[in-house]
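**Student:** quick check, what structure comes out for this input:
(chains A, B, C and D)
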2 protein chains.
Amino acid sequence: MTVSRREQILQVAARLFAERGYQSVGMDDIGAAVGISGPALYKHFRGKEAMLTELLVDISEKLLARGLERAAIEEPAQALAALIEGQVEFALRHPDLITLHDHALNQVPTAERHRIRRVQRAYVEIWVEVALKAHPGRLDDREARAAVHAAFGLINSTPHTLRTPQRILAPMLRRMALGALSAAAAR
Amino acid sequence: MTVSRREQILQVAARLFAERGYQSVGMDDIGAAVGISGPALYKHFRGKEAMLTELLVDISEKLLARGLERAAIEEPAQALAALIEGQVEFALRHPDLITLHDHALNQVPTAERHRIRRVQRAYVEIWVEVALKAHPGRLDDREARAAVHAAFGLINSTPHTLRTPQRILAPMLRRMALGALSAAAAR
DNA sequence: GCCTCAAGTTAACCTTCGTTCACCTGCCCC
DNA sequence: GGGGCAGGTGAACGAAGGTTAACTTGAGGC
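**Tutor:** This is a model prediction of the structure:
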């Protein structure tokens, strides 16, 4: 598991950003956490914002890629279950990134922020389409979108719940997300 | 609807903090947003941290009070529904405060943070007890706690979904939260 | 053996921003 | 009608922190 120094820095920065908040983490803190000192980070990144941007772009693109894979399943109910499973896995594996994902987006420069938002919207769109197919006639577009956001909120709450063992948490979250979406459609 | 200047400042500060993040909002910004200039805020508050602290203490105590009320209902399923309804109402009425509640807690000074955390834990405890009674034998303590956190995540996701009209969103969130908790218990 | 370059180092710079200070101004009260 | 206080103002201060600069060093390539 040898990661390049660059990746090591990104991982550490993600953890610190998630724990203390982007603005509360100094370049010196990040440097110290990987054993080098503040300004040395500029040999690897253009600056602090660039690190955050790269993290958020990576996350959103990874999620989108995973979403496209899982949504390809023909049977809508199975596709929905696969999407849920993917999101749960991701949230449990990368709680820091999940936290960053909705805490720190405003801190990235406008241009890049729009790019990230586009990718996020595409990901949401995948879910909405699958949810609509999985509950045909029970949800309109607007409701489906709201329901999907709520499901994200449910699944992405895991950073608050990491005390619970994953073998228990993962299946419970899958059940809950599925149950929540069914309930949303049970008008 | 005449609010004191003090309250006006708190409301505006909450909005700005929620929108841009605590650290990204300057005292001058807050002042400008209420028509006075930076340092004048010190006539009303000890400082920036004091404003945030007061906001977070208020929120957690209001939620706890509301929770205690609703949990007093004897029938566990009804109590759970009432808790859900209360949280949904609060989240829809005060999206800024909900956002602050889990984005900015780390920014308040340690001593006060612990106080707030205690109140939050008490609120969670209320939910856990009601959830356990509402689904007797189907959840152990740890599972119930995880499920409750997930339900909070679901309900508190509303700041992302404010485009949807409340008369649609509110009942949908209630259904989804109830459905999610039932699914958690349906082992 | 030397050149180069990647990857560090420390010191310094400069902006931002929370906070303090000294001062002003109505309004209320007796 | 003169204190006194609540609520402002603008200027200044000081610390924090992102970034830059100048310099060092060790490992390959020719």
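
**Student:** tell me where chain A is predicted with low confidence.
**Tutor:** Residues of chain A that meet the criterion pLDDT under 70 lie in A:1-2.

**Student:** okay, and the residue most central in space within it sits in which element?
**Tutor:** By C-alpha atoms, centre = their mean, chain A has its centre lying nearest to A:I98, at 4.1 Å. Secondary structure assigned from DSSP states H and E places A:I98 in helix A:95-103.

**Student:** give the other helices and strands that the very next helix or strand once past that helix contacts.
**Tutor:** Next in sequence after helix A:95-103, counting helices and strands by DSSP H and E, comes helix A:110-134. When contacts are defined as 3 or more C-beta pairs under 8 Å, 6 or more residues apart in numbering or on different chains; DSSP states H and E, helix A:110-134 packs onto helix A:48-71, helix A:76-93, helix A:141-155, helix A:166-185. For glycine as for every other residue, the C-beta is placed from the backbone atoms N, C-alpha and C.

**Student:** show me which residues of chain A sit near DNA strand D.
**Tutor:** Counting by C-beta under 7 Å from any atom of the strand, chain A comes close to DNA strand D at A:23-28, A:38-39, A:42, A:47-49.

**Student:** separation between the closest residue to A:I30 other than its chain neighbours and B:Y22?
**Tutor:** Distance criterion C-beta to C-beta, 6 or more residues apart in numbering or on different chains; nearest residue to A:I30, sequence neighbours excluded, is A:A13 at 5.1 Å. From A:A13 across to B:Y22, the span is 20 Å (C-beta to C-beta, to the nearest Å).

**Student:** with A:Q23 instead?
**Tutor:** Going from A:Q23 to B:Y22 by C-beta to C-beta gives 8 Å.

**Student:** and these two? which has more neighbours close in?
**Tutor:** B:Y22 (24 against 15; other C-beta atoms under 10 Å in any protein chain shown).

**Student:** thought the more buried one was touching B:V108?
**Tutor:** No. Judged on C-beta atoms under 8 Å, B:Y22 makes no contact with B:V108 at a distance of 9.2 Å.

**Student:** any residues in contact with both of these two?
**Tutor:** Common contacts of B:Y22 and B:V108 (C-beta atoms under 8 Å, 6 or more residues apart in numbering or on different chains): B:L52.

**Student:** which strand or helix spans the residue nearest to A:I30?
**Tutor:** Using DSSP H and E, A:A13 sits within helix A:5-20.

**Student:** next, the contact list for the residue lying closest to A:E61 once chain neighbours are set aside, please.
**Tutor:** Nearest residue to A:E61 in three dimensions, chain neighbours excluded: A:V119, at 5.9 Å (C-beta to C-beta, 6+ apart). Neighbour list for A:V119: A:57, A:60-61, A:64 [criterion: C-beta under 8 Å, 6+ apart].

**Student:** one more: A:R118?
**Tutor:** With contacts defined as C-beta under 8 Å, 6+ apart, A:R118 has no neighbours.

**Student:** so it versus DNA strand C, what's the distance?
**Tutor:** For A:R118, the distance to DNA strand C equals 27 Å [C-beta to the nearest atom of the strand, to the nearest Å].

**Student:** cool, A:Q120 as well?
**Tutor:** 26 Å.

**Student:** my guess is that residue contacts A:S60. True?
**Tutor:** Yes. Under the criterion of C-beta under 8 Å, A:Q120 makes contact with A:S60 at 5.3 Å.

**Student:** more neighbours: those two, which one.
**Tutor:** A:S60 (22 against 18).

**Student:** now that one, nearest residue through space, not along the chain?
**Tutor:** Nearest non-adjacent residue to A:S60 (C-beta to C-beta, 6+ apart): A:V119, at 4.1 Å.

**Student:** A:L83 too?
**Tutor:** A:R70 (5.0 Å).

**Student:** list the contacts for that neighbour?
**Tutor:** Residues near A:R70 by C-beta under 8 Å, 6+ apart: A:79, A:82-83, A:85-86.

**Student:** try it again at 6 Å.
**Tutor:** A:82-83, A:86 (C-beta atoms under 6 Å, 6 or more residues apart in numbering or on different chains).

**Student:** and the gap between A:R6 and A:A50?
**Tutor:** Distance, A:R6 to A:A50, using C-beta to C-beta: 12 Å.

**Student:** and these two? Which one has more around it.
**Tutor:** When A:R6 and A:A50 are compared for neighbours, A:A50 comes out ahead with 16 against 13, by other C-beta under 10 Å.

**Student:** touching DNA strand C at all, stretch A:38-56?
**Tutor:** Yes. Using C-beta under 7 Å from any atom of the strand, stretch A:38-56 comes into contact with DNA strand C via A:38-40, A:43-44.

**Student:** for those, which one is nearest B:R174?
**Tutor:** A:H44 (48.5 Å; C-beta to C-beta).

**Student:** is it true that that closest one touches A:R6?
**Tutor:** Yes. Between A:H44 and A:R6 a contact is recorded at 5.1 Å, counting by C-beta atoms under 6 Å.

**Student:** need the three-state assignment for A:F45.
**Tutor:** coil (DSSP: H, G, I helix; E, B strand; the rest coil).

**Student:** which residues touch it?
**Tutor:** A:M51.

**Student:** for the one 3 residues further on, same thing?
**Tutor:** Taking C-beta under 6 Å, 6+ apart, we find A:K48 in contact with A:M27.

**Student:** what's the answer for A:S157, then?
**Tutor:** Contacts of A:S157 by C-beta under 6 Å, 6+ apart are B:149-150, B:153.

**Student:** now A:Q107. Nearest residue, chain neighbours left out?
**Tutor:** Once flanking residues are discounted, A:Q107 sits nearest to A:Y22: 4.9 Å by C-beta to C-beta, 6+ apart.
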